[in-house]
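Visitor: quick check, what structure comes out for this input:
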Amino acid sequence: MIIRAALFGRSASPEIVNAELAAPGPTEVLVSLVATGICHTDVKAARPGGLVPHPVVLGHEGAGIVAAVGSAVTTLAIGDHVVMTFSSCGGCPSCVAAEPAYCHHSSQLNFGCSSPQRLSVDGTLVHGGFFGQSSFASHAIADIRNTVRVRRDAPLDLLGPLACGIQTGAGAVLNVLRPTTGSKFVVFGAGSVGLSAVMAARLTAVDTIIAIDSNRDRLDVALELGATRVLQAGPETSADLRRVLDAGADYVLDTTGSPEVIYQGLTLLAPRGTFGYVTSPWDGKDVPLPVRHMLWGRRMVGIIQGSSQPHSFIPSLVDLVMSGRLPLEKIIRFYDFEDIGQALDDMAAGKVIKPVLKFA
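Guide: Below you'll find the predicted structure:
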């Protein structure tokens with residue numbers, strides 16, 4: 001079928017093109033997109049010589065309606081409302097242990113884009129299947145493993161970011177850190193992941209929620225979403241935090257991937273405190289570890305996709321959205337699909353926290 005898609009890699013900016021999309025395979029579904037979020041991983045993948053082969057159709061926070069199903073699909077039906085999330089193999093030790101976020105084949109499945117036969121533009125095959133979906137398009141193919149049915153009364157245009165950014169931040173708090181009553185929680189970075197962590201922490205019994213970012217406007221949003229205190233990142237951040245925290249933080253979450261920030265976060269931990277991080281330095285740079293400091297029962301844990309089991313966690317997040325306890329609308333700005341270039345520019349300039357593309 002002919003679809004509209006945003007193609008990266010043939011020019012400096014994404015091109016809106018007509019593309020030919022193959023029919024779904026036996027365990028796959030065709031989804032007609034309602035909206036899709038833009039994530040920083042999309043931005044990194046759009047750069048030539050980076051994460052994925054080019055030319056490519058990106059996008060991995062898609063929400064829409066099932067338009068067709070493969071011959072072996074029994075758990076989804078035409079007309080179902082769905083969110084498409086990350087891919088996993090289903091057979092490795094992590095997947096068997098119900099930990100698909102740590103799938104042994106995750107890198108290839110999500111970043112390989114090795115199924116170019118799915119998409120062609122002007123008669124030439126291009127790369128697709130980014131995160132098992134490539135949802136910067138009017139239609140996308142996804143497998144039943146990464147397609148999650150959601151309740152029909154929920155606004156699909158809000159739900160796409162639950163597939164990655166929101167489930168990463170909220171899941172880091174609710175699934176991994178699990179703050180205890182009266183504890184102190186610090187998050188570095190007030191983008192969509194960090195602010196999702198703030199919203200999730202507000203649902204727990206923590207006493208203190210501190211958000212840190214260089215962008216003052218985002219810190220104001222953090223206060224609105226439940227942070228008890230905010231700090232603007234700068235040379236005095238560590239000293240300011242030590243004055244506020246006294247004995248240290250029980251839980252620290254880094255969403256920046258900055259080596260300096262990661263080290264700073266580790267040194268802020270109280271005895272038996274836990275430091276979580278959701279991304280690493282993109283240049284591969286290592287972070288020095290304060291080994292003596294860590295001896296006092298302090299822990300460091302890497303977190304992918306909020307350690308989510310998407311088929312249960314995403315519907316639970318949708319319920320929180322519908323009850324008003326996860327107010328995603330406060331961090332989302334909508335753009336028409338054709339304005340994807342502007343949305344990417346605004347994201348890069350820090351003018352928008354979570355851009356979401358809507359399809360007419």
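Visitor: mind listing what's buried along the helix or strand encompassing Val221?
Guide: Take DSSP states H and E as the rule and Val221 turns out to sit in helix 216-225. Across helix 216-225, burial judged by 16 or more other CB atoms under 10 Å covers 218-219, 221-222, 225. The way it works is simple: take the backbone N, C-alpha and C, and place the C-beta from them, glycine included.
Visitor: distance of Thr249 from Ala6?
Guide: I think there's a mix-up here, since residue 249 is Ala and not Thr. Distance, Ala249 to Ala6, by CB to CB, to the nearest Å: 40 Å.
Visitor: got the CA positions of stretch 56-63 in PDB?
Guide: Coordinates of each C-alpha in stretch 56-63 appear next as PDB, following Å, rounded to 0.1, in the frame of the first residue of the first chain:
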ATOM      1  CA  VAL A  56      15.400   5.400   6.900                       C
ATOM      2  CA  VAL A  57      12.000   6.100   8.300                       C
ATOM      3  CA  LEU A  58      12.300   6.600  12.000                       C
ATOM      4  CA  GLY A  59       9.700   7.000  14.800                       C
ATOM      5  CA  HIS A  60       9.100   4.800  17.800                       C
ATOM      6  CA  GLU A  61       6.300   6.300  19.900                       C
ATOM      7  CA  GLY A  62       3.300   5.500  17.700                       C
ATOM      8  CA  ALA A  63      -0.300   5.300  18.700                       C
END
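Visitor: from the middle of its chain, how far away would that stretch be?
Guide: 12 Å (CA atoms, centre = their mean, to the nearest Å).
Visitor: that stretch - what's its average pLDDT?
Guide: What stretch 56-63 shows for mean pLDDT is 98.
Visitor: ok, stretch 351-360 next?
Guide: Per-residue scores along stretch 351-360 average to 96.
Visitor: now the terminal residues of that stretch, how far apart.
Guide: Stretch 351-360 has an end-to-end distance of 24 Å (CA to CA, to the nearest Å).
Visitor: out of the helices and strands in the protein, which is least certain?
Guide: Every helix and strand in the chain was compared by mean pLDDT, DSSP states H and E; the lowest is helix 237-245, with a mean of 88.
Visitor: list the buried residues of that one.
Guide: 237, 240-241, 245.
Visitor: state the next helix or strand along the chain beyond it.
Guide: With DSSP H and E, the next secondary element past helix 237-245 is strand 249-254.
Visitor: burial count for Pro271?
Guide: 12 (other CB atoms under 10 Å).
Visitor: for stretch 204-215, which positions count as buried?
Guide: For stretch 204-215, by 16+ other CB under 10 Å, it's 204, 206, 208-213, 215.
Visitor: tell me what the helix or strand harbouring Leu266 is packed against?
Guide: For Leu266, the host element (DSSP H and E) is helix 259-267. Packing contacts for helix 259-267, counted by 3 or more CB pairs under 8 Å, 6 or more residues apart in numbering; DSSP states H and E, involve strand 184-188, helix 237-245, strand 249-254, strand 269-277, helix 291-294.
Visitor: switch those over to TSV; also include distance to Cys164.
Guide: TSV is the format used below for those (distance: least, CB to CB, whole Å):
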stretch	distance to Cys164
strand 184-188	17
helix 237-245	27
strand 249-254	16
strand 269-277	16
helix 291-294	30
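Visitor: okay, now stretch 125-134: how far is its last residue from its first?
Guide: 14 Å.
Visitor: so for it, what's the average pLDDT?
Guide: pLDDT averaged over stretch 125-134 gives 96.
Visitor: distance between it and the chain's centre?
Guide: 17 Å.
Visitor: quick one: which of the buried residues of helix 237-245 is nearest Pro281?
Guide: Nearest to Pro281 out of those is Thr237 (CB to CB; 18.6 Å).
Visitor: the closest one and Leu231 touch, don't they?
Guide: Yes: Thr237 is in contact with Leu231 according to CB atoms under 8 Å; the separation is 6.0 Å.
Visitor: residues shared between the contacts of those two?
Guide: Ile212 (CB atoms under 8 Å, 6 or more residues apart in numbering).
Visitor: list the buried residues in the longest helix that the chain contains.
Guide: Longest helix of the chain, by residue count under DSSP state H: helix 310-322. Of the residues in helix 310-322, 310-311, 313-315, 317-318, 320-321 count as buried by neighbour count, 16+ other CB under 10 Å.
Visitor: in this protein, where is pLDDT below threshold?
Guide: 115-116 (pLDDT under 70).
Visitor: what's the domain layout of it?
Guide: If you go by automatic domain parsing, the domain ranges for the chain are 2-163+327-358, 169-304.
Visitor: doesn't Gln342 make contact with Ser13?
Guide: No: counting by CB under 8 Å, Ser13 sits too far from Gln342 to count as a contact (10.0 Å).
Visitor: helices and strands around the helix or strand just after the helix holding Val221, which ones?
Guide: Counting by DSSP H and E, the next helix or strand C-terminal to helix 216-225 is strand 229-232. Counting contacts by 3+ CB pairs under 8 Å, 6+ apart, strand 229-232 is packed against strand 208-213, helix 216-225, helix 237-245.
Visitor: tell me who's in contact with the residue lying closest to Pro100 once chain neighbours are set aside.
Guide: Excluding its sequence neighbours, the residue lying closest to Pro100 (CB to CB, 6 or more residues apart in numbering) is Ser88, at 3.6 Å. Contacts for Ser88 (CB under 8 Å, 6+ apart) come out as 94-95, 100-101, 103, 105-106, 109, 145-146.
Visitor: helix or strand: which one has Asn18?
Guide: strand 15-21.
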